[in-house]
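K.L.:
Quick one, what's the 3D model for this:
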Amino acid sequence: MSNTDKIFGLHAVESVLARNPQNVIQLFLLKNRKDKALTNIEDLAKRAGIKCQSMDRKKMDDRVHGNHQGVIAEVKIADALLNESQLLELAENKENLFLLVLDGVTDPHNLGACIRTADAAGVDAIVVPKDRSASMNATVRKVACGAAENVPLVKVTNLARFLKQLKDEYVWIVGTAGEAENHIYQTKFPKKLALVMGAEGAGMRRLTRDNCDELIKIPMNGSVSSLNVSVATGVCLFEYVRQQSLMAE
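P.N.:
Got it, this is the predicted structure:
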């Protein structure tokens with residue numbers, strides 16, 4: 001799917017200019033602002049043959065909802081997409097499969113942060129329920145910093161049923177829950193893994209939990225009882241990366 005959208009914020013716009021400048025249609029910079037960050041974006045645009053247009057702050061504020069930091073890009077969006085059947089085919093044929101399942105993450109900042117972390121960890125795809133997830137909007141893209149174009153986001157109609165189908169392809173389903181007996185550093189992750197993270201506050205739904213092969217938790221040694229879902233996702237994803245790196249040595 002390809003359409004147009006607005007990306008704003010220094011890091012998000014710099015990322016798309018550096019990685020996919022051909023997707024940038026228009027670039028707007030805050031009038032009379034001159035600093036290193038904005039100059040770097042302007043230089044990237046010039047090298048890509050993209051004209052920069054000056055705009056006053058009020059017009060920029062009216063154009064987007066959020067902190068644009070003096071830069072807005074209108075871009076052609078070409079997200080990395082897979083559907084359910086394509087992902088199941090990938091699960092059948094790929095020896096090493098690394099999936100992130102987000103069960104009801106509705107905050108766009110958390111979804112964007114999870115996508116960015118998943119990209120950094122080498123996740124093959126992110127699975128979300130069709131009706132219980134934040135939509136892929138400008139805020140998600142800003143926080144994801146270009147990762148939405150690299151990591152497929154697969155929306156499934158029935159998450160519990162889809163987890164059962166993944167099991168049929170020998171994908172081990174590991175869910176995170178504070179009441180789990182084992183923690184992530186006591187768990188040996190297999191090559192084909194789907195890591196399930198629950199919603200902010202509520203955690204995983206019962207049917208999702210029932211379809212997990214194993215439940216794990218992150219050991220908490222301080223006064224807080226839980227982590228933000230995007231932070232917890234990063235901890236768990238990179239423990240898988242660490243274990244796979246050791247196996248490859």
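K.L.:
So what touches stretch 220-233?
P.N.:
The contact list for stretch 220-233 (C-beta atoms under 8 Å, 6 or more residues apart in numbering) reads 100, 102, 105, 109-110, 113-114, 117-118, 176, 178, 195, 197-200, 218, 235. Quick note: C-beta positions are derived from backbone N, CA and C, even for glycine.
K.L.:
in the helix or strand hosting E74, what's buried?
P.N.:
Per DSSP states H and E: E74 is located in strand 71-77. Buried residues in strand 71-77, counted by 16 or more other C-beta atoms under 10 Å: V71, I72, A73, E74, V75, I77.
K.L.:
Same check on stretch 171-180?
P.N.:
Buried positions in stretch 171-180, judged by neighbour count with 16+ other C-beta under 10 Å: V171, W172, I173, V174, G175, T176, A180.
K.L.:
Just to be sure, which of those are found in strands?
P.N.:
Within those, residues falling in strands by DSSP state E are W172, I173, V174, G175, T176.
K.L.:
Can you pick out the most distant pair from these?
P.N.:
Maximum pairwise distance among these (C-beta to C-beta): 13.8 Å, between W172 and T176.
K.L.:
Do a quick rundown of the strands in the chain.
P.N.:
Going by DSSP E, the chain shows strands at 3-8, 24-30, 52-55, 71-77, 97-103, 125-129, 153-156, 172-176, 182-183, 192-198, 214-217.
K.L.:
Contact partners for Y170?
P.N.:
With the criterion set at C-beta under 8 Å, 6+ apart, Y170 makes contact with K192.
K.L.:
Same check on the one 10 residues further on?
P.N.:
With contacts taken as C-beta under 8 Å, 6+ apart, A180 has the following neighbours: L215, I216, K217.
K.L.:
Swap in 10 Å and give it another go.
P.N.:
By C-beta atoms under 10 Å, 6 or more residues apart in numbering, the residues touching A180 are V174, T187, C212, E214, L215, I216, K217, I218.
K.L.:
Can you tell me how far the nearest residue to D119 once chain neighbours are set aside is from V140?
P.N.:
Nearest non-adjacent residue to D119, counting by C-beta to C-beta, 6 or more residues apart in numbering: A147, 3.6 Å away. Using C-beta to C-beta, to the nearest Å, one gets 10 Å for the distance from A147 to V140.
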